[in-house]
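Engineer: Okay, structure incoming, though there's no sequence with it:
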């Protein structure tokens, strides 16, 4: 399983991903699910993935290949983010179709992506690209997107995140959301990667990778658990009739 | 969708359920998902259901019929909770099989139950009965069971509930867990029913039904939201390198 978050704020974008992959319970490994593409000063992109690891690697390989060979269509030639999402969806769909040619009915090559960034002259944005190649973006009312094991960590994002939230608060909220998910689903796990893109900088931006024993991760998990329990204890008691 | 919780504590059992049912988005209604059976002073049971409403009603009807006709096997004749769970699983499976005889491939008659209570001379307990008729119970390490839309509301239960938690705290925690779920999934909704069974009382116990505009429900939701946001704001900031 996987859990990735993309948050679109007025001041920039926040991306967060776990790194646990498993192909069966005895094949658990660690792979980064965060991929970065760009030209400093002109365009910057971040891609997060959930789903089949082989398809993910093939898609990322193809995106890099198209950039390197300076093909007609690549992340360096697209005019806007929607065009980029369309292109990634197409590459993903083609790969999945190829892997399904074998006709194994139980094999699932699907991948879902979160893709975001900024191209000079355009507004920054974040897209969720479905395995079918179609995509959605954020809105003022719904400024974040999640892929993978998204439910455990959604309530805190719902409570905290608005477009006006600061990058600092949103990054912290992504880590708290990740902590709730890691706690409830063993197949989501560290290292946790966190990346921030600040609007109109066209630079890769701040990045942190938290290993399992990272002091901040442990401190945050402990502190959050304690504060939630305190908050809970302070709630009004149920008034039973009679 | 549905969300139901059963919590097994040292001091008793807590049951909580929502009441929203839908057969398509234009057929949303309200049905209690909490059913009570028992003889005061001898045995008490609570049944919560998630899944096909017709199967649920048929199973509950059959359970009541078997009691009324004083058949060989009913909730009034079973010797222990596991036997009761076995019996309910069997009734459920037979009903589902009958409804599937028509052979409509898209129709899903499945129901999952939470069943708990106490029979004189036995310890109280809670079981989760799968559509397949098999069942699991709680343990000291995992003192609660959930059915339906269970993920949004699981983190708070994980943080708060232990077998030693008081009935008051566990009941409050069930309501908070329900609040997170109602907030995140429109198809889970009030009235919220809450029932408590205290160990060795063999009485139906305290019961509350919260309508959508119940002052306590609103007060708890507002208070919890505010306290969670305060708790979040007090967390340590991320230390970005250099």
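Structural biologist: That came through fine. Remember, it's a predicted structure, so these values are computed and weren't measured experimentally.
Engineer: so what's residue A:16 bridging to?
Structural biologist: Legend: beta-bridge partners of residue A:16 under DSSP bridges are residue A:5, residue A:194.
Engineer: Please state the mean pLDDT value computed over stretch A:166-184.
Structural biologist: Stretch A:166-184 comes out with an average pLDDT of 95.
Engineer: cool, stretch A:151-162 as well?
Structural biologist: This predicted structure assigns stretch A:151-162 an average pLDDT of 94.
Engineer: if we look at it, which residues are touching it?
Structural biologist: With C-beta atoms under 8 Å, 6 or more residues apart in numbering or on different chains as the contact definition, stretch A:151-162 has outside contacts at A:3, A:5, A:7, A:143-144, A:146, A:169-170, A:173-174, A:176-178, A:180-181, A:183-185, B:151-152, B:154-155, B:180, B:183-184, B:225, B:228-229, B:232. For glycine as for every other residue, the C-beta is placed from the backbone atoms N, C-alpha and C.
Engineer: what about 6 Å?
Structural biologist: A:143-144, A:173, A:176-177, A:180-181, A:184, B:151-152, B:155, B:180, B:184, B:225, B:228-229, B:232 (C-beta atoms under 6 Å, 6 or more residues apart in numbering or on different chains).
Engineer: now do stretch A:5-17
Structural biologist: A:4, A:33-34, A:46, A:48, A:114, A:116, A:124, A:126, A:138, A:143-146, A:163-165, A:167, A:170-171, A:174, A:178, A:193-199.
Engineer: hmm, try it at 7 Å
Structural biologist: Stretch A:5-17 is contacted from outside by A:4, A:33-34, A:46, A:48, A:114, A:116, A:124-126, A:138, A:143-146, A:161, A:163-167, A:170-171, A:174-175, A:177-178, A:192-199, using C-beta atoms under 7 Å, 6 or more residues apart in numbering or on different chains.
Engineer: Also stretch A:215-231?
Structural biologist: Under the contact criterion C-beta under 7 Å, 6+ apart, stretch A:215-231 has outside partners A:175-176, A:179, A:190, A:192, A:210, B:159-160, B:227-228, B:231, B:234-236, B:238-239.
Engineer: mind listing which of the residues you listed are in strands?
Structural biologist: Members of the contacts of stretch A:215-231 lying in strands (criterion: DSSP state E): A:192, A:210.
Engineer: Pick out the most distant pair among the contacts of stretch A:215-231.
Structural biologist: Of all pairs drawn from these, the widest gap by C-beta to C-beta lies between B:160 and B:239 and measures 29.6 Å.
Engineer: sorry, back to before: now list the buried members of the contacts of stretch A:215-231.
Structural biologist: Applying a neighbour-count criterion of 16 or more other C-beta atoms under 10 Å in any protein chain shown, the buried members of the contacts of stretch A:215-231 are A:175-176, A:179, A:190, A:192, A:210, B:159-160, B:227-228, B:231, B:235, B:238.
Engineer: out of those, who's nearest residue A:41?
Structural biologist: Within the buried ones among the contacts of stretch A:215-231, the smallest distance to residue A:41 is 26.2 Å, found for residue B:238 (C-beta to C-beta).
Engineer: And that closest one, what's its pLDDT?
Structural biologist: 94.
Engineer: measure it to residue A:196 for me?
Structural biologist: When C-beta to C-beta, to the nearest Å is the yardstick, residue B:238 and residue A:196 sit 10 Å from each other.
Engineer: Overlap of the contact sets of those two?
Structural biologist: Going by C-beta under 7 Å, 6+ apart, residues that sit against residue B:238 and also against residue A:196 are residue A:171.
Engineer: Where does residue A:46 fall, secondary structure wise?
Structural biologist: Residue A:46 belongs to strand A:43-51 when elements are defined using DSSP states H and E.
Engineer: in its sheet, what does that strand sit against?
Structural biologist: strand A:34-39 (antiparallel), strand A:111-119 (antiparallel).
Engineer: so which of these is the most packed in?
Structural biologist: A comparison of the strands paired with strand A:43-51 by mean neighbour count, using mean count of other C-beta atoms under 10 Å in any protein chain shown, puts strand A:111-119 on top with a mean of 26.
Engineer: Was I right to think residue A:118 contacts residue A:84?
Structural biologist: No - counting by C-beta atoms under 7 Å, no contact exists between residue A:118 and residue A:84, whose distance comes to 10.8 Å.
Engineer: now, which of the contacts of stretch A:215-231 lie within helices?
Structural biologist: When DSSP state H defines the helices, the subset of the contacts of stretch A:215-231 inside them is A:175-176, A:179, B:159-160, B:227-228, B:231.
Engineer: what's the burial count for residue A:31?
Structural biologist: Residues within reach of residue A:31, counting by other C-beta atoms under 10 Å in any protein chain shown, total 12.
Engineer: Let me know the pLDDT of it.
Structural biologist: At residue A:31 the predicted local confidence, pLDDT, stands at 89.
Engineer: Nearest residue to it in space, please, no chain neighbours.
Structural biologist: The spatial neighbour of residue A:31 that comes closest, neighbours along the chain excluded (C-beta to C-beta, 6 or more residues apart in numbering or on different chains), is residue A:21 at 5.0 Å.
Engineer: any weak-confidence spans in chain A?
Structural biologist: Filtered on pLDDT under 70, chain A yields the residue ranges A:23-25, A:103-105, A:242.
Engineer: Spell out which parts of it neighbour chain B.
Structural biologist: In this structure, chain A approaches chain B at residues A:151-152, A:154-155, A:158-160, A:168, A:171-173, A:176, A:180, A:183-184, A:206, A:208, A:216, A:219-220, A:223-225, A:227-229, A:231-232, A:234-240, judged by C-beta under 7 Å from any C-beta of the partner chain.
Engineer: Quick check: residue A:12 vs residue A:76, distance?
Structural biologist: From residue A:12 across to residue A:76, the span is 22 Å (C-beta to C-beta).
Engineer: So for these two, which sits in the more crowded spot?
Structural biologist: Neighbours per residue, other C-beta under 10 Å: of residue A:12 and residue A:76, the larger number sits with residue A:12, 21 against 17.
Engineer: Could you check how far the spatially closest residue to the more buried one that is not a sequence neighbour is from chain B?
Structural biologist: The shortest distance from residue A:12 to any residue other than its chain neighbours is 4.1 Å, reached at residue A:198 (C-beta to C-beta, 6+ apart). In this view, residue A:198 and chain B are 12 Å apart by C-beta to the nearest C-beta, to the nearest Å.
Engineer: same question, residue A:117
Structural biologist: 20 Å.
Engineer: In contact with that residue: list those residues for me.
Structural biologist: When contacts are counted by C-beta under 7 Å, 6+ apart, residue A:117 touches A:43-46, A:81, A:124, A:197.
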